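*Asks:* Sequence and predicted structure, then a few things I'm wondering about:
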Amino acid sequence: MITDTYNRVHNYLRISLTDNCNLRCFYCMPEEDYEFTPSAKLMQVDEIEAIAKIFVAQGVNKIRLTGGEPLVRKGADEIILRLSKLPVNLTLTTNATRLHEFVDVLEQANVRSLNISLDTLQPEKFQLITRRNLFDKVFENIHLLINKNFHVKVNVVVMKGLNDNEINDFIEWTKDTNVHVRFIEFMPFESNRWTSNKVFTLKEMLETIAKKYKIITLQNDVHDTAKNYKIENHTGTFAVISTMSAPFCSGCNRMRLTADGKMKNCLFSKKETDLLTAFRNGEDILPLIYKSILSKEKELGGQFTTDFKNIHTENLHNRSMISIGG
Ligand code: SAM
Ligand code: SF4
């Protein structure tokens, strides 16, 4: 068991397959020219499988593939199929632009649940946020997966003044659609135009929704990063990921592996541990994994607190979200 100094057992590994993406979400990818990692520096298919097996032998039973966009990674289908042979709950987070090409692979790999990002229900705003004109494809693919009985969670990063006025449109979508919408508080990463006044908090979201609907609180799992709710008589459900105003670090069971093979013990950790170089040198990476987890901070990577109005982004040390793997 991979346990940290706060007795948190880590059984969930998120693996980034690439820092490349076919969208350009401004809150994720830095504004200045971003250079994608060359493929030789990425973990190769065999390396991903071998490193994943080392984590699984230590008790990891859930793996999420992410990125960048995991489905633009060359060989994504092979990676999915190979990891599906491990005794884990395998899932992924995707922007859905290419999902239609992967339905068979996902079914073959027994992936039953996946997270899809969609921040707006308005095509023009989608183009503004992602700088690509692919709203229709994404929306169509979400429904394709729902119709094929996948459990679809839709991630919506809520930014004050940009899409907070669409919260109840998303809630209305859950009325007759079997979709689980997850509203995410906007988080600060390198060069992502974050300012505290763009954070729309859990409290503000619930107040907005309660003006129009009767909210029912649902049960949460101890490791849930989201607070779960539904509206009376709606088919779908919703949740809020309140990282900024009410984080869930005490139940954290997550570790991350960047596409270039660096372990991060927290989304906001300053430090990284280079597993890939050690692995390529034939070293035993297990001591490195344990050393990394034993240095995990109690909350938010030790970089800030829920007093997010006082965050000075210039003092935060982290990668951009696209290169961490969200
Ligand atoms: N390309 C895939 C996608 O968009 O779903 C996977 C990678 S993306 C980095 C993973 C998740 O992180 C997405 O749901 C995205 O909306 C979220 N994300 C990225 N930057 C964020 C930020 N600054 N605050 C909150 N969530 C963010
Ligand atoms: Fe790409 Fe996902 Fe980041 Fe958007 S949020 S730029 S889709 S990795």
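*Replies:* Thanks, I have it. Numbers count the residues shown, from 1 in each chain. Ligands and ions are numbered 1, 2, ... in the order given.

*Asks:* I figured residue 122 hits residue 162, correct?
*Replies:* No. Residue 122 is beyond contact range of residue 162, at 10.8 Å (criterion: CB atoms under 8 Å). Backbone N, C-alpha and C define where each C-beta goes, glycine included.

*Asks:* Comparing these two, which residue is more hemmed in?
*Replies:* residue 162 (19 against 14; other CB atoms under 10 Å).

*Asks:* Name the residues that touch the worst-scoring helix or strand of the chain on mean pLDDT?
*Replies:* In the chain, no helix or strand scores lower on mean pLDDT, DSSP states H and E than helix 321-324, which sits at a mean of 86. Contacts with helix 321-324, where a contact means CB atoms under 8 Å, 6 or more residues apart in numbering, come from 16, 19, 21, 27-30, 34, 37, 67-68, 187, 189, 192, 256, 258-259, 264, 267, 318.

*Asks:* if you look at that helix, does any of it touch ligand 1?
*Replies:* Yes. Using CB under 6 Å from any ligand atom, helix 321-324 reaches ligand 1 at 321-322.

*Asks:* Would you map the helices across this structure?
*Replies:* Here the chain has its helices, by DSSP state H, at 45-57, 76-83, 103-108, 123-130, 135-147, 167-173, 202-210, 275-280, 286-294, 321-324.

*Asks:* Pick the most buried one from these.
*Replies:* Highest mean neighbour count of the helices of the chain: helix 321-324, a mean of 25 (counted as mean count of other CB atoms under 10 Å).

*Asks:* residues in the stretch 201-326 of the chain within reach of ligand 2, list them.
*Replies:* Taking CB under 6 Å from any ligand atom as the contact definition, the stretch 201-326 of the chain meets ligand 2 at residue 322.

*Asks:* what does the stretch 1-150 of the chain give?
*Replies:* Residues of the stretch 1-150 of the chain found near ligand 2 (CB under 6 Å from any ligand atom) are 21, 23-25, 28-29, 67-69, 95, 117.

*Asks:* Quick one: residues contacting the closest residue to residue 169 other than its chain neighbours.
*Replies:* Computed as CB to CB, 6 or more residues apart in numbering, the closest residue to residue 169 that is not its neighbour in sequence is residue 121, at 5.2 Å. When contacts are counted by CB under 8 Å, 6+ apart, residue 121 touches 139, 166, 169-170, 173.

*Asks:* doesn't residue 27 make contact with residue 192?
*Replies:* Yes. The criterion here is CB under 8 Å, and residue 192 meets it with residue 27 at 4.9 Å.

*Asks:* where does the stretch 101-250 of the chain have low pLDDT?
*Replies:* Within the stretch 101-250 of the chain, no range satisfies pLDDT under 70.

*Asks:* Can you tell me which residue of it sits closest to ligand 2?
*Replies:* Closest residue of the stretch 101-250 of the chain to ligand 2, CB to the nearest ligand atom: residue 117 (5.4 Å).

*Asks:* who's that residue bridged to?
*Replies:* Residues in a beta bridge with residue 117, per DSSP bridges, are residue 155.

*Asks:* burial of it, as a residue count?
*Replies:* Residue 117 has 22 nearby residues by other CB under 10 Å.

*Asks:* I figured it hits residue 97, correct?
*Replies:* No. Counting by CB under 8 Å, residue 97 is not a contact partner of residue 117; they are 10.1 Å apart.

*Asks:* Residue 304: what's it in contact with?
*Replies:* By CB under 8 Å, 6+ apart, residue 304 lies in contact with 188, 268, 311, 316.

*Asks:* Could you measure from it over to residue 93?
*Replies:* Using CB to CB, to the nearest Å, one obtains 24 Å as the distance from residue 304 to residue 93.

*Asks:* Over to residue 201?
*Replies:* The value you get for residue 201 to residue 93, if CB to CB is used, is 23 Å.
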